[in-house]
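> Generate coordinates for the sequence data below:
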Amino acid sequence: MYQRIAAVDPFDADAHSVLGRLAMQRNEADVASREFRAVVALAPVDRGRGPHRSGRELLQGGKAAEAKKQTLAALEIAPSYERAQALLLQLVK
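Residues are numbered from 1 along each chain as shown. Purely as a prediction, here's the structure:
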């Protein structure tokens with residue numbers, strides 16, 4: 001259903017966000033990363049969430065260097081975003 005929504009309205013950030021979360025549950029790092037990049041590009045109100053989710057998914061997919069870049073991008077947007085701070089700590093340990 002969310003794929004149809006995104007196809008009809010590619011500017012629906014919520015649809016892309018749900019598709020990213022579903023891809024994370026299926027361990028599809030590339031798909032999740034693409035969907036979260038789409039969310040970031042659509043400039044939602046909570047702009048730090050997209051890069052953080054992308055970073056988290058990249059880490060789960062074994063791409064730690066890319067995950068760190070996305071996490072730092074999230075913290076540049078929202079320096080006090082606690083989930084991104086925790087992910088960064090996890091990445092540097």
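> need the helix or strand of the protein with the lowest average pLDDT.
helix 49-60 (a mean of 80; mean pLDDT, DSSP states H and E).
> Quick check: next helix or strand after it?
helix 64-77 (DSSP states H and E).
> Quick check: what element follows that next one along the chain?
Next helix or strand after helix 64-77 toward the C-terminus (DSSP H and E): helix 82-92.
> Pull out the buried residues from the helix or strand that contains L19.
Using DSSP H and E, L19 falls within helix 13-25. Within helix 13-25, the residues scored as buried using 16 or more other Cβ atoms under 10 Å are A13, A15, H16, S17, V18, L19, G20, A23, M24. (C-beta placed from N, C-alpha, C; glycine too.)
> so where is this protein shaky, pLDDT-wise?
Residues of the chain meeting the criterion pLDDT under 70: 43-47.
> What's the end-to-end length of stretch 38-58?
End-to-end span of stretch 38-58 (Cα to Cα, to the nearest Å): 15 Å.
> Would you mind listing the buried residues in it?
Buried, per 16+ other Cβ under 10 Å, within stretch 38-58: 38-40, 42, 47-58.
> residues in contact with that stretch?
6, 10-11, 13, 16-17, 20-21, 23-24, 29, 32-33, 36-37, 64, 66-71, 73-75, 77-78, 81, 83-84, 87, 91 (Cβ atoms under 8 Å, 6 or more residues apart in numbering).
> out of the residues you listed, which are buried?
Counted by 16+ other Cβ under 10 Å, these give 6, 13, 16-17, 20, 23-24, 29, 32-33, 36-37, 66-68, 70-71, 73-75, 77-78, 81, 83-84, 87, 91 as buried.
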